[in-house]
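>>> Sharing a sequence plus its predicted fold:
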Amino acid sequence: MSQQLIDQSVNGIRMRVCVAGEGPPVLLVHGFPLSHRMWQAQIDHLQQQYTVIAPDLRGFGGSGVTVGTVSMEQHARDLSELLDQLEIKEPVILGGLSMGGYIAWEFWKHFPEKLKTLILCDTRADADSEEGVNNRLKMVDLVLRHGPQAVASAMIPNLLSVTSREQSPEIGQNLIADIESTEAEGIAASQRGMAERSDFSGMLERIEVPALLVVGSEDILTPPAVMQAVSAQMPQASCFEVSQVGHMAPLEAPEQVNQEIEKFLASC
């Protein structure tokens, strides 16, 4: 099936988006500081039954950069506008990984009528601790001073499990290339936005759409216990743990994750 990369004008920026397949709409929201390419295995699989929409968020991939701070709400508003531009009328299946999950919470809050189901991978609902905020601001300073090359390799141990790094080194190499191709100002803007993000942990019981939570068993950024706690508070959520993978479960174990997504969507 054909996949096309198109540019849309969205809220004052150029947004690059991959569109593939036909059927009910699936919106895939990438993690930080990556691009839609992290979802390639899911795009290839889901396009057989769905219209898959996988954008590069503001500041990443082929999309335009905003200097300063880009909030998670801004990203959610960009996604809503993108759906309007693409004339997507029906509620979407929204999949988000890590930062994509933070954006998904905002999308649910501001555009509930556009949301059918959630697929949340390796993410969390709470805001950053003071230490977490400080670490983000340190990365902002580092990336603006020395460029994305200064952080790319250092991020890999947090993103991938030991098993993935040893058995599939190309995954890490591709992630490094993706990060290094990102503009420093784009990385800084969303990093500031994540440092200021809202705490949704007290709202989870109000999120009544069906939800699948996916987490790597070796995820050190959002460990299984974190996502299991989120799942337990959501009325229609289930949590699936993928063994021997880290923070990038859809990329590290695509066949397992695709199979679980397929089962979940069939049950909906």
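Yes, it's here.
>>> which stretches of the stretch 1-150 of the chain form helices?
If DSSP state H, counting those that start in this stretch is used as the criterion, the helices of the stretch 1-150 of the chain fall at 40-46, 72-85, 99-110, 130-146, 149-159.
>>> In this protein, which residue sits furthest out from the middle?
Distance from the C-alpha centroid of the chain peaks at residue 145, with 26.0 Å (Cα atoms, centre = their mean).
>>> Tell me how far it lies from residue 59.
The gap separating residue 145 from residue 59 is 18 Å, by Cβ to Cβ, to the nearest Å. Using the backbone N, CA and C atoms, a C-beta is placed for each residue, glycine as well.
>>> Residue 2 now?
Separation of residue 2 from residue 59 (Cβ to Cβ) stands at 27 Å.
>>> Spell out, range by range, the helices that occur in the stretch 151-268 of the chain.
Using DSSP H, counting those that start in this stretch, helices in the stretch 151-268 of the chain cover 162-167, 169-180, 184-195, 224-233, 249-252, 254-267.
>>> and among those helices, the most buried is which?
Counting by mean count of other Cβ atoms under 10 Å, helix 249-252 has the highest mean neighbour count of the helices of the stretch 151-268 of the chain, with a mean of 27.
>>> Need the mean per-residue confidence for that one.
On average, the pLDDT along helix 249-252 is 98.
>>> how much distance is there from stretch 252-267 to the middle of the chain?
Distance of stretch 252-267 from its chain centroid, counting by Cα atoms, centre = their mean, to the nearest Å, is 16 Å.
>>> Residues in contact with that stretch: which ones?
41-42, 45-46, 93, 95, 117, 119, 121, 160-161, 164, 168, 171, 210, 212, 214, 216, 238, 240, 242, 244-246, 249-250 (Cβ atoms under 8 Å, 6 or more residues apart in numbering).
>>> hmm, try it at 7 Å
41-42, 45, 93, 119, 160-161, 164, 171, 212, 214, 216, 240, 242, 245-246, 249-250 (Cβ atoms under 7 Å, 6 or more residues apart in numbering).
>>> rewinding a little: now for the helices of the stretch 151-268 of the chain, which one comes closest to residue 12?
Closest of the helices of the stretch 151-268 of the chain to residue 12 is helix 184-195, at 13.8 Å (criterion: Cβ to Cβ).
>>> okay, the angle between that closest one and helix 149-159?
Interaxial angle, helix 184-195 versus helix 149-159 (axes from the mean of the first three to the mean of the last three Cα atoms, to 10 degrees): 40 degrees.
>>> Output the contacting helices and strands for helix 184-195.
With contacts defined as 3 or more Cβ pairs under 7 Å, 6 or more residues apart in numbering; DSSP states H and E, helix 184-195 has these neighbours: helix 99-110, helix 130-146.
>>> Among those helices, single out whichever gets nearest to residue 231.
Among these, helix 99-110 comes nearest to residue 231, with 12.3 Å by Cβ to Cβ.
>>> tell me the angle that closest one makes with helix 72-85.
Going by the same axes, to 10 degrees, helix 99-110 makes 70 degrees with helix 72-85.
>>> who's in contact with helix 99-110?
With Cβ under 7 Å, 6+ apart, helix 99-110 has contacts from 29-32, 72-73, 75-76, 79, 94, 96, 115, 118, 120, 123, 125, 190, 194, 197, 200, 207.
>>> hmm, 6 Å instead?
With contact meaning Cβ atoms under 6 Å, 6 or more residues apart in numbering, helix 99-110 is reached by 29-32, 72-73, 75-76, 94, 96, 115, 118, 120, 123, 197, 200, 207.
>>> One more: stretch 204-213?
108, 115, 117-120, 125, 227, 231, 233-237, 239, 264, 268.
>>> Now the buried members of those residues.
108, 115, 117-120, 125, 227, 231, 234, 237, 239, 264 (16 or more other Cβ atoms under 10 Å).
>>> could I get those residues as CSV with pLDDT and distance to residue 15?
Shown next, in CSV, are the buried ones among the contacts of stretch 204-213 (pLDDT from 0 to 100; distance: Cβ to Cβ, whole Å):
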residue, pLDDT, distance to residue 15
108, 98, 21
115, 98, 19
117, 98, 23
118, 98, 22
119, 98, 21
120, 98, 22
125, 98, 26
227, 98, 29
231, 98, 31
234, 98, 29
237, 98, 29
239, 98, 31
264, 98, 27
